[in-house]
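Colleague: Any chance you could fold what I've pasted below:
(2 chains)
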Amino acid sequence: MPWPPPVTDLEQLKEHPAIARLLAWNPAAVEEAKYDRDETTIYIERSTIREACALLRDHPSVPFNYLSDVTCVDWFPSEPRFEVVYHLLSIPNKERVRLKVRLSGDSPVIESIFSVWPGSNYFEREVFDLFGIRFTGHPYLRRLLMPEDWEGNPLRKDYPVEGYR
Amino acid sequence: MAHLSSIPALEPGQDKTMILNMGPQHPSTHGVLRLLLEIDGENIVRLMPDIGFLHTGIEKTCEAKFYQQVVPMTDRIDYLCPLTNNLCYVLAVEKLLGLEIPPKAQWLRVMMNELTRINSHLVWLGTHAMDMGAMTVFLYCFREREDILRLFEAISGQRMMTSYFRIGGVALEPPLGFFDRVRDFANRFPSKVDEYENLLTGNPIWVMRTKGVARITKEDAIALGASGPTARGSGIDLDLRRDMPYSGYENFQFKVPVSQEGDVFARYMCRVAELRESIAIVKQALDGMPEGPIKADAPHVVLPDREKMKTQMEALIYHFKIITEGFAVPEGEVYQAVESPRGEMGYYVVSDGTAKPYRVHMRSACLANMQTLPTMCEGRLLADVVAAIGSIDIVLGEIDR
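Modeller: Below is the predicted model:
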């Protein structure tokens, strides 16, 4: 069964608990939303990501209290180049939501959500290591997987698969 | 949670404490984990894991492969539960494609997945007990593990890197007499679990080494992203098989063991109870195994049978096309999570409409679980670190990828 086309109209999606909560708090925080393949994606304005996460964590009826994952996608050479992706899970309600933040390629900086979930520590360090995205407010932003003196960020699309020789 | 909010760098400063390096080749670190310990006598003041020694860049390699070629890569992430990783990846791609999987393939997947869970838990139990000085359990566990590996070899031709699940179904029909062998094992196994429990559960040395050791509260476990038995040992009642069912798990009845104590013993009890639940699921899968095809009806994705290739032109063309240029997957993104033996294993697959994945990200349960290690160990004795590492069941292949 092929999937129905994705819903991208914010008006149709505003019933979703996470989107409703974010819109009630700050309509400018939600850039876009998408419902595709049973999964909801919300594009968050860059400067509001930490507060948005804290807000969803403390949602009164559907608390998205568990951070599953933080990762990144590089859309080189288009701009904005990076998408930082957060997967949240609501343990009481068994629901997932995906948050995305678009970042430009020249100086990808975003606020760390370490103060909301200390569990984002390794995930953010991994993204910093492999994509070169800086998380401001992270207490220990160092390379996680690659050696300290490694040059370049391997998961960027302009980094060759074989590495630099 | 205020106590979790700082990660100061480990530098020798005060005269009282010293920095001790544990690993990366320490036998109780289960691979190549390096721990930096700041100790005051025998007491841990601070602990900091250092990882990355096994980083092989699998996520990057996946971007250069066709979708079907990624399946063998997923085996190599977690060498103790290769089939769970296969399952998670193929489910993600099937969700992207919108494929419907025939019931027999789904039930086979569930059965093999649970055998993998037993296999993984047996290695955990054996090595965990050996770290704490109980050598015999290790030998017993590997005796049963050998039986499971023989079953894997029978069904897929490989003992460890099985790659048995394929996009659209499973690779092969099980060989003749396979289900009888699985049933034989399933009937024998519960008494073996009793044997392990006889050796450990009431053993005063084991209890003293594990009860009340390396505690973590429910709130801390959630905040740090713990999942699987590490979370369930702290009273978080979450099992993705039951709560967000995939691959037909909604058709099976099983209990989810949860303990409230949050110590090493609680996690041990959760996993041992899971061994029994898993074998019950295997039995249910055997009893209700449906008849029918093992591959989805999607010729552009699923390789045709050998017999058809020899007689039908179409099948030969599809085979040639899939092998040489792969198959295009519609644009989109999917996050698929499964309950691996260690917790929430998630695959985030992004497609740009071509035959190669644009991005494959693995959410590693171990990576998140390992963040609980400092909270568990700080303020405790050095010997408890070994117990704590064993109790969160780390696999460095999955952490470093």
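
Colleague: out of everything not next to it in sequence, what's closest to the closest residue to chain B within chain A?
Modeller: As assessed by Cβ to the nearest Cβ, chain B sits closest to residue A:119 within chain A, at 3.0 Å. All C-beta spots, glycine's among them, are computed from the backbone N, C-alpha and C. Counting by Cβ to Cβ, 6 or more residues apart in numbering or on different chains, the nearest residue to residue A:119 once its immediate chain neighbours are dropped is residue B:225, at 3.0 Å.

Colleague: Near the one you found, how many other residues are there?
Modeller: Neighbour count for residue B:225, taken as other Cβ atoms under 10 Å in any protein chain shown: 31.

Colleague: Distance-wise, check it relative to residue B:400.
Modeller: If you measure residue B:225 against residue B:400 using Cβ to Cβ, to the nearest Å, the figure is 17 Å.

Colleague: Can you classify residue 101 by secondary structure?
Modeller: Using chain A. Per DSSP: H, G, I helix; E, B strand; the rest coil, the secondary structure class of residue A:101 is strand.

Colleague: looking at chain B here, not the other one
Modeller: From three-state DSSP, the assignment for residue B:101 is coil.

Colleague: which ones are touching the closest residue to residue A:109 other than its chain neighbours?
Modeller: Excluding its sequence neighbours, the residue lying closest to residue A:109 (Cβ to Cβ, 6+ apart) is residue A:134, at 4.7 Å. Remark: with contacts taken as Cβ atoms under 8 Å, 6 or more residues apart in numbering or on different chains, residue A:134 is in contact with A:107-110, A:128, A:141.

Colleague: near chain A, which residues of the stretch 201-350 of chain B?
Modeller: Among all residues of the stretch 201-350 of chain B, those adjacent to chain A (criterion: Cβ under 8 Å from any Cβ of the partner chain) are B:222-226, B:236, B:238, B:243-244, B:330, B:332-335, B:337, B:344, B:346, B:348, B:350.

Colleague: And for the residue of chain A closest to chain B, the neighbour number?
Modeller: Per other Cβ under 10 Å, the neighbour tally for residue A:119 reads 28.

Colleague: residue contacts, it?
Modeller: With Cβ under 8 Å, 6+ apart, residue A:119 has these contacts: A:67, B:223-226, B:368, B:371.

Colleague: so how many other residues sit close to residue B:139?
Modeller: Using other Cβ under 10 Å, the number of residues around residue B:139 comes to 10.

Colleague: Likewise for residue B:158?
Modeller: The burial count assigned to residue B:158 is 15, neighbours taken as other Cβ under 10 Å.

Colleague: Quick check: closest non-adjacent residue to it.
Modeller: By the measure of Cβ to Cβ, 6+ apart, the closest residue to residue B:158 outside its immediate chain neighbours is residue B:152, 6.7 Å from it.

Colleague: Mind telling me what element the one you found is part of?
Modeller: Using DSSP states H and E, residue B:152 falls within helix B:135-156.

Colleague: Show me what the top helix by length along chain A is in contact with.
Modeller: Criterion DSSP state H: the longest helix present in chain A is helix A:120-131. The contact list for helix A:120-131, computed with Cβ under 8 Å, 6+ apart, reads A:67, A:69-72, A:74, A:82, A:84, A:108, A:112-114, A:133-135, A:138, A:140-146, A:153-156, B:7, B:59, B:225, B:367-368, B:370-371.

Colleague: of these, buried ones?
Modeller: Among these, those buried by neighbour count (16 or more other Cβ atoms under 10 Å in any protein chain shown) are A:67, A:69-72, A:74, A:82, A:84, A:108, A:112-114, A:133-135, A:138, A:141, A:143-146, A:153-156, B:7, B:59, B:225, B:367-368, B:370-371.

Colleague: now, which of those residues lie within strands?
Modeller: Secondary structure defined by DSSP state E assigns A:67, A:69-72, A:74, A:82, A:84, A:134-135 of those to strands.

Colleague: can you pull the contacts of the residue of chain B found nearest chain A?
Modeller: Using Cβ to the nearest Cβ, the single residue of chain B nearest to chain A is residue B:225, 3.0 Å away. If a contact means Cβ under 8 Å, 6+ apart, then residue B:225 has A:66-68, A:117, A:119-120, A:123, B:368-369, B:371 as its contacts.

Colleague: ok so, going back, reformat the ones in strands among the buried ones among the contacts of helix A:120-131 as JSON lines; add pLDDT.
Modeller: Shown next, in JSON lines, are those (pLDDT from 0 to 100):
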{"residue": "A:67", "pLDDT": "91"}
{"residue": "A:69", "pLDDT": "90"}
{"residue": "A:70", "pLDDT": "92"}
{"residue": "A:71", "pLDDT": "92"}
{"residue": "A:72", "pLDDT": "92"}
{"residue": "A:74", "pLDDT": "91"}
{"residue": "A:82", "pLDDT": "91"}
{"residue": "A:84", "pLDDT": "92"}
{"residue": "A:134", "pLDDT": "91"}
{"residue": "A:135", "pLDDT": "91"}
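
Colleague: May I see those organised as CSV, with distance to residue B:74 added?
Modeller: Rendered in CSV, the data for those read as follows (distance: Cβ to Cβ, whole Å):
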residue, distance to residue B:74
A:67, 23
A:69, 16
A:70, 21
A:71, 16
A:72, 20
A:74, 21
A:82, 25
A:84, 24
A:134, 31
A:135, 28
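
Colleague: And the helices in chain A, which stretches?
Modeller: For chain A, the helices defined by DSSP H cover A:10-13, A:17-25, A:49-57, A:120-131.

Colleague: With respect to burial, which of those scores highest?
Modeller: Most buried of the helices of chain A, by mean neighbour count (mean count of other Cβ atoms under 10 Å in any protein chain shown): helix A:120-131, with a mean of 24.

Colleague: Run through the helices of the stretch 251-400 of chain B in chain order.
Modeller: Ranges of helices in the stretch 251-400 of chain B, per DSSP state H, counting those that start in this stretch, are B:264-287, B:306-311, B:313-325, B:365-370, B:373-377, B:382-392, B:396-400.

Colleague: Tell me which residues of the third one come out buried.
Modeller: By that I understand helix B:313-325. Of the residues in helix B:313-325, B:315, B:318-319, B:322 count as buried by neighbour count, 16+ other Cβ under 10 Å.

Colleague: And the strands in the stretch 101-250 of chain B?
Modeller: Listed from the start of the chain, the stretch 101-250 of chain B has strands (DSSP state E, counting those that start in this stretch) covering B:165-166, B:169-170.

Colleague: Residue B:294: which of those is closest?
Modeller: Evaluated with Cβ to Cβ, those place strand B:169-170 nearest to residue B:294, the distance being 5.1 Å.

Colleague: what helices or strands is that closest one leaning on?
Modeller: Packing partners of strand B:169-170 (3 or more Cβ pairs under 8 Å, 6 or more residues apart in numbering or on different chains; DSSP states H and E): helix B:103-131.

Colleague: can I get the strands of the stretch 101-250 of chain B in CSV with mean neighbour count and mean pLDDT?
Modeller: Output for those, formatted as CSV (neighbours: other Cβ atoms under 10 Å in any protein chain shown; pLDDT from 0 to 100):
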stretch, mean neighbour count, mean pLDDT
strand B:165-166, 25, 90
strand B:169-170, 24, 88
